[in-house]
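[1] when you get a sec, could you give me coordinates for this:
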Amino acid sequence: MFPSGKWKLTLRASAPEKVRLTSSGEVDLHCQDIVSISTAKALLWQTVEIRSRGRTDSLSGLSAEAAMKLAADLHAFVNGHLCDVIGSETDRLREVDAKLRAITEGKQQYLAQADLGSAIASVPGRAAVALSHPLLDPDLMPKKLKAVLPASFAMLRDPGIRQQYNDEFVSSELLRFRTFFDDLDGRSLSDQQREACIRLEDNNLLVASAGSGKSATMVGKVAYVLGKRLYRPDEILVLAFNKSAADELKARIAKQLRVDEAALQCRVTTFHALGRAIIEEVEGRPPQLASWVEHPAGEALVIEEIIKELVQSDPEFARLWIDLLVLHPKADIPAEIFDTEADYRRYVTDRIEKGRATIGSLAGVYVKSLQERKIANWLWLHSVEFEYERQISVEGDDGAIHHVHPDFYYPTTDTVHEHFALNDDGTSPFANYVEHADSKRQAYRMGQIDFFETTSAQASAGTLLSTLEAELARREIPLARRSYAEITKALQPVVIKHYHQLIATCIKHIRASHLTLDMLLDRAKSLHDKERAKLYARAVWAITETYSRKLDEAGRIDFDSMIADAVRLVETGRYRSPFSLILVDEFQDISEPRANLIKAFKQQNAFAKVFAVGDDWQSIYRFAGSDISIFTQFEANFGISWQGRLEQTYRCNQLIAETAAKFVQRNPEQLKKAVRSTRPAISRSIRVIPVEGDRGKPDFGEACHLLLARLDTFLGGISAQWRADAGAKLNVLVLWRYNQLDPFKGKRPKFENIEVSGMSFHRGKGLEADYTILLDVSEGDYGVPSRIEDDELLNLVIPRPETFPYAEERRLFYVALTRASRGVFLLTNDRQPSHYIRELCEVAGDDIRFETLDGKALHQCPSCLVGQMVERQTRDGDIFIGCNQFPECKHTSGAGRK
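    Numbers count the residues shown, from 1 in each chain. Here you go, the predicted model:
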């Protein structure tokens, strides 16, 4: 199962200068060539990664404990050799001492471990090489050796001494460069930005807030290190994730340095462009990219094409794929897995009807559970006529007529079918349910009604549908499977799109991590819906194989392959990196192949430094292969590091900034920040507008246009307060979770006082506006949070899955909330408001205002926080004030009246 095969690592006291690795062959890794030892969680095991000069070896198949022990043993073995070398040349230590004193006296520069190593490495001899080694650990140095080290070596022996020196250096540098930072990139940098510019540890992570000036900090960092002549311009690499961000950074850096962009010697580029350039430089020609990779929708189109091909050519795949779409649009996760019953209801519910949670099916009926939907969809798929919960009359023992409502009724054979929520041992998670099931069975026997049953236990075991098929076959009920065209026409487009997006993400991880079908099937056993996971594993493997074959047959590569090829060229030394300072923008979007490219640069140049800037609260591109754990576990991935914060935002007013920050930090795995705004709080600048709709389906497009017209009129009435120029307008950004909600259909409305634009939550990242309007902040599969996006199937391929429910959806909502400086309007379904609204109310209290589309205040329910107190009527005709979320919320106030 292990792609790297069997391996054996031998540490021998008789040969302390090297370790022997046996895998496909035997190789000796010299201790002084090993520059990095790290552990990582792979899909089914832990891996120890050994990076040496010219090669990288991954030792797979270890438990977490075994991986930690192996890494520690190897680290100690390497240090044993380094200390032996240092002890053998103590006469050279005086030369090293002189070098260290030259850089520490006078506080001329920040001192990272790499800076000390670089200075020491300039001294000839083996001792200097060992002292400058990136893995040298003072804690493992023998006491005898420590005793003979000169006083200047205290920086190496005691990290606290170096830290004190650097803290004092930063304080003095802040004074020395005050004027420089007062006017940098067109602004005066905050104290946190200034410190981030000065700090230069081996590895640096700057954890930013939305609108906190991270790009200005990157510009400042480049200008500062060049001004101090710490690096040459051609030693600096600035990496961004897309071309527009790279172009903007390049323009701002060139402007700050007062040079033409064409003359800028710093390399400012994207990961993709850098990967392409590395391959072209080594191989003398650019890589041959697949025709689809540079088209915005190219990947989605090629996946769709592959699926169509496989459906037509492979009957087994066609069955797998259709079953996934029709029978398994969502994982059947047991209720006990959820923290509360409300969380479970939210997960399964499509709509609320008469206070009951119901789930839609392709057969056009609404059912009460995901398992019932699976049955209804299977019956529809096979063209079986049935009725759901048809009323049937049954005579009891006492001669009285009782009315029962079996789950499914088949009119062609007059058969009743009950699907009981019963476990394998006959018990049920619901009170009195076993007795209820028994009474139904007895009623059908008394009435001599043809009856069969299925159970939740069969669903868990994966035998539910085969049992159903066998029961229908016994009754000779004909099955006629619908055509693929008919099936795809009946499905909601978002179901197909969801699977396509899921597959695109999985292809990246399968190819990057060299996963196999056996590994996917083994991981499928750990998921809650094992039947669905097994089907999906087989389907996505077939699609991945076809995708890879298409690339191979055309002699082409995709972006991920291009970066992986560039990594190999760097790791093997065929490409010589000139970079000593690597800055990475939007680091929260980092993926494993991109992280490996940065590690490869550091592997080649042990004294190279990394400065990564990003906001883990805005990590929203898991579908594109990003892995948030590389950010949140930065030190584990890159080594000892400094971690700073940018907590002052220049965008949102304090109320929006603080509310959004507290909301996103309800996930304890997000890194903590205390956000402060340069804009004072605007009371009630977060407004909730419940929208009524026919049969629970509000027209958010119409509501959006009405709200925009109202906002335009209001701002026109107070234009003297904000309009500086005669033609000035305020910006309004309309955002939605899915594009089918687009109220403009490509044609933006025009207003006198506002400029309107609209796009999805994802595309809105990085933008800002005076006001934002968020559409359909409601419960539902395609609401906020989207319940189809947090799919457990991703755990088949992601080695470090997140455990907090809807973690990425929470971050996406945070992104949408933090686009506005003046105010945010949340339009919600008045019958199914998102629980995210309740959370905002819990955070901000009375600073959240509930109002109608025309701005009239609504009486918010003090109990559930998302409903409104309205006049309601009892069966006796009494009028009282109660929550409109009844029966979910039963809060009332005031005495009744006729």
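[2] where do the strands of the stretch 101-250 of the chain begin and end?
    Remark: strands of the stretch 101-250 of the chain, listed N- to C-terminal, are 203-208, 236-240; assignment by DSSP state E, counting those that start in this stretch.
[3] so where's the chain uncertain?
    Residues of the chain that meet the criterion pLDDT under 70 lie in 1-5, 43, 351-357, 396-399, 695-696, 894-898.
[4] which one's the longest strand in it?
    Counting residues, the longest strand found in the chain (DSSP state E) is strand 820-829.
[5] direction included, what does it pair up with?
    Strand 820-829 has the following strand partners under DSSP bridges: strand 686-691 (parallel), strand 769-774 (parallel).
[6] what about the closest residue to D234 other than its chain neighbours, how many neighbours?
    Using CB to CB, 6 or more residues apart in numbering and skipping residues adjacent in sequence, the residue nearest D234 is Q265, 5.0 Å away. Every C-beta, even on glycine, is put in place using the N, C-alpha and C of the backbone. Look at Q265: counted by other CB atoms under 10 Å, it has 12 neighbours.
[7] and if you look at F825?
    By the criterion of other CB under 10 Å, F825 has 27 neighbours.
[8] list the contacts for it?
    The neighbours of F825, taking CB atoms under 8 Å, 6 or more residues apart in numbering as the test, are 687, 689, 707, 771-774.
[9] closest to Q492 among those?
    L774 (21.9 Å; CB to CB).
[10] could you give the bridge partners of that closest one?
    What pairs with L774, by the bridge criterion (DSSP bridges), is L735, L826.
[11] now do W722 against A608, distance only.
    W722 sits 48 Å away from A608 when distances are taken as CB to CB, to the nearest Å.
[12] neighbour count winner among these two?
    In this comparison of W722 against A608, neighbours counted by other CB under 10 Å, the higher total goes to A608 at 19 against 13.
[13] hmm, the more buried one is touching F579, no?
    Yes - between A608 and F579 there is a contact under CB atoms under 8 Å: 6.2 Å.
[14] can you pull the contacts of C506?
    In this structure, C506 makes contact with 540, 544, 793-794, 796-797, judged by CB under 8 Å, 6+ apart.
[15] can you tell me the centre-most residue of the chain?
    Centroid-nearest residue in the chain, with CA atoms, centre = their mean: R622, separated by 4.1 Å.
[16] wait, doesn't that one sit right on I628?
    Yes - applying CB under 8 Å, one finds R622 in contact with I628, separated by 7.5 Å.
[17] for D560, give me its contacts.
    Applying CB under 8 Å, 6+ apart to D560 gives the contacts 508, 511-512, 591, 593, 625.
[18] quick revisit: helix or strand next in line after the longest strand of the chain, which one?
    Going down the chain from strand 820-829, the next helix or strand is helix 835-844, by DSSP states H and E.
[19] can you tell me the element G275 falls in?
    Short version, using DSSP H and E: G275 is in helix 271-283.
[20] got the buried residues for the helix or strand following that helix?
    Towards the C-terminus, the helix or strand next in line after helix 271-283, according to DSSP H and E, is helix 298-313. Counting neighbours by 16 or more other CB atoms under 10 Å, one finds that the buried residues in helix 298-313 are 299-300, 302-303, 306-307, 310-311.
[21] got the residues you listed as CSV, with distance to I881 columns?
    Below are those laid out as CSV (distance: CB to CB, whole Å):
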residue, distance to I881
E299, 54
A300, 50
V302, 58
I303, 53
I306, 58
I307, 54
L310, 59
V311, 56
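[22] nearest to A636, of those?
    Lowest distance from A636 to these (CB to CB) belongs to E299, with 30.5 Å.
[23] residues in contact with the residue nearest to W722 when sequence neighbours are not counted?
    Using CB to CB, 6+ apart and skipping residues adjacent in sequence, the residue nearest W722 is L730, 6.6 Å away. L730 sits next to 715, 722, 753-755, 770-771, 822 when contact means CB under 8 Å, 6+ apart.
[24] could you do A119 as well?
    By CB under 8 Å, 6+ apart, the contact list for A119 reads 99-100, 102-103, 132.
[25] quick check: R126 touching S88?
    Yes - between R126 and S88 there is a contact at 7.3 Å, judged by CB under 8 Å.
[26] between the buried residues of helix 298-313, which is nearest A76?
    Set against A76, the nearest of those by CB to CB is E299 (45.6 Å).
[27] what kind of secondary structure is the nearest residue to the closest one once chain neighbours are set aside in?
    In space, E299 comes closest to A504 once its chain neighbours are excluded; the distance is 5.5 Å by CB to CB, 6+ apart. The three-state label given to A504 by DSSP: H, G, I helix; E, B strand; the rest coil is helix.
[28] and A504, how close does it get to W736?
    When distances are taken as CB to CB, A504 and W736 turn out to be 21 Å apart.
[29] more crowded one of the two?
    W736 (25 against 19).
[30] gap between that one and T772?
    11 Å.
[31] now V784
    To T772, V784 is 13 Å away according to CB to CB.
[32] again with Q721
    Q721 is 20 Å from T772, by CB to CB.
[33] ok, the two, which is more surrounded?
    Neighbours were counted for Q721 and for T772 using other CB under 10 Å; T772 has more, 25 against 7.
[34] which non-adjacent residue is nearest the more buried one?
    Excluding its sequence neighbours, the residue lying closest to T772 (CB to CB, 6+ apart) is A820, at 4.1 Å.
[35] beta partners of that neighbour?
    When bridges are taken as DSSP bridges, the partners of A820 come out as A769.
[36] for it, give me its contacts.
    Residues counted as contacts of A820 (CB under 8 Å, 6+ apart) are 652, 656, 685, 733, 768-772.
[37] from L858, how far out is it?
    Using CB to CB, one gets 21 Å for the distance from A820 to L858.
[38] what is the neighbour count of L708?
    For L708, the count of nearby residues is 20 (other CB under 10 Å).
[39] scratch that, I837
    For I837, the tally of surrounding residues (other CB under 10 Å) stands at 22.
[40] TSV please, covering the strands paired with strand 820-829 and showing distance to S118.
    Compiled in TSV, the strands paired with strand 820-829 are given as follows (distance: least, CB to CB, whole Å):
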stretch	distance to S118
strand 686-691	51
strand 769-774	47
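[41] for D529, which non-adjacent residue is spatially closest?
    If the residues on either side of it in the chain are set aside, D529 comes closest to A331, at 3.9 Å by CB to CB, 6+ apart.
[42] these two touch, right, that neighbour and D791?
    Yes - the pair A331 and D791 qualifies as a contact (CB under 8 Å) at a distance of 6.9 Å.
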